[in-house]
Structures are given as C-alpha cells and as structure tokens.
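Student: just a sequence and a predicted model for now, questions to come.
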Amino acid sequence: MSNNKYKILVVEDDRNIAYFVQTLLEANDYQVITAERCQQGVLMLSSHVPDLVVLDLGLPDMDGEEFIRIVRQSSMVPIIVLSARTEEEDKVSALDLGANDYIVKPFGTAELLARVRASLRIARHHAQSATGDGSFVLDDLTIDYDRRQVTVAGNGIHLTQTEYNILAYLSQHVGKVMTYSAMIRAIWGTEDNGSVKKLQVNMANIRKKLGCHPGENKYIINELGVGYRMPDIEE
Ligand code: CA
C-alpha cells in the first residue's frame, strides 16, 4: 500500500479531534486531507477525490447533514459520521441521507480504524460485485439474486417473499447500517404505526430460518433503536 495509499478526507472543525484523527490515520498508512468547513470539504472532495470521508455533523458553516445531501448528488464515496450528539434522530437522519456508518464521540482508536477499514472494504466489494454474477456470499450464506434462492452451507432456506426481500436488501447494502424507515420504505413502500413491529417479526423469522440462535449476530446485526446491518465478512 505504501505507494498507493487510501486517501481520507476529514471534515471536522474541532482542531483537537481533527488532529487526533489525522495522526491516527497517518500512523496507519492512510493519506489524510482535512477541512474545517462544509464548503471547503465539498471543494476538496471534487478536487482530491478521496476514498472515504470522515464527517463531523456539527460544522460552523452548515450542518453535516447538508454536506451529505450535496455530496450524494454526485458521489457514492463512503461517509462515516462523527456525532457528538447522542440523540438517535441525528444518526438516523444522517444514515437516511446516505452516510454509511456513524461513530459517537468520544471514540477509541481501535473503533475508528475498524470502521474505516470496513467502509473501504465495502466500497471495494461494491466495485467488484458491479461486474459479478448475480449472487452474494457471506460466510456460508449464499443469495442467488437471479433465482431468488438462499442457501446456508449448501442447504436451501425457504423464505417468504417479504423475508427474501429484506435479506436481499440488507445484502445489497452490506456493511451499511440501514434504518428502520429506509427498510420499511424499500420493502413495503409506505410506513404505518405497525411497520417497525412488522419488520422485527420478519427479522426474527429470517434469523430462525438461517439457523441463528437468539442474540447471535452472524448475518444480521441489530443496531438498537436505529436499524439493521449485514456485517462485512472480515468484521
Ligand atoms: Ca464540530
């Protein structure tokens, strides 16, 4: 990697945090560019074309969410949100706008590095699967999109239409936290009072059919109060 480093744009107005993140990433062989303002970040994104963005949500010139909205009009670059706020709705709306992952401040070095590695891997995975053969593999789980067939360790799993749609949807966004409302819109088109419950019931059935024991997160991680995520294979 030494002559072809991943380039990471850090958009953060708190200089201590920006310095901490930059130092950590550079020590781990990433190239880092930094911006303290959204506007500057947007400009650097188009001039430097980074592989990943680490974004603070609270920035002086505009909200980090506005940054995501602007960036997503033209770029699918992975975005990891740094949130000082613990309110669920900030994380959720950032994810709904197209952020890939979030970290709540204060965070540790191992956590940040793990999230960065995972997001970069997912981006590579998507680049590869764009030319793939219409199937998805995660450990011993296989989804054949053309035949709408799911197998675990070679054994066929019988899923209902809805269960299949949920599993396929998560697999198509592997590694990314998908919020309840994003999933409900994708699966049922509309949201009503019972939607989250309906999603959770389907999810419980999917886990059971895939052979997961209660509390086990082999194929689907429960992001409490936010949504679900299918883990990338190396997590
Ligand atoms: Ca800030």
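Tutor: Arrived safely.

Student: pLDDT weak spots in this structure?
Tutor: 1-3, 85-88, 125-133, 214-215, 233-235 (pLDDT under 70).

Student: how about the residues of it near the ion?
Tutor: 13-14, 56, 58 (CB under 5 Å from the ion). Backbone N, C-alpha and C define where each C-beta goes, glycine included.

Student: and the residues you listed, which are buried?
Tutor: Among the residues of the chain next to the ion, those buried by neighbour count (16 or more other CB atoms under 10 Å) are 14, 56.

Student: list phi and psi for the residue in the chain positioned nearest to the ion.
Tutor: Closest residue of the chain to the ion, CB to the ion: Gly58 (3.9 Å). Per-residue torsions, Gly58: phi -100, psi 100 (degrees, to the nearest 10).

Student: secondary structure element holding the residue nearest in space to the middle of the chain?
Tutor: With distances taken as CA atoms, centre = their mean, Lys176 lies nearest the centre of the chain, 2.2 Å away. According to DSSP states H and E, Lys176 maps onto no helix or strand at all.

Student: need the nearest residue in space to it, chain neighbours excluded.
Tutor: In space, and not counting its chain neighbours, Lys176 is closest to Asn100: 4.9 Å by CB to CB, 6 or more residues apart in numbering.

Student: shouldn't that neighbour be in contact with Ile79?
Tutor: Yes - counting by CB atoms under 8 Å, Asn100 does reach Ile79; the two are 5.6 Å apart.

Student: so these two - more neighbours on which side?
Tutor: Ile79 (26 against 23; other CB atoms under 10 Å).
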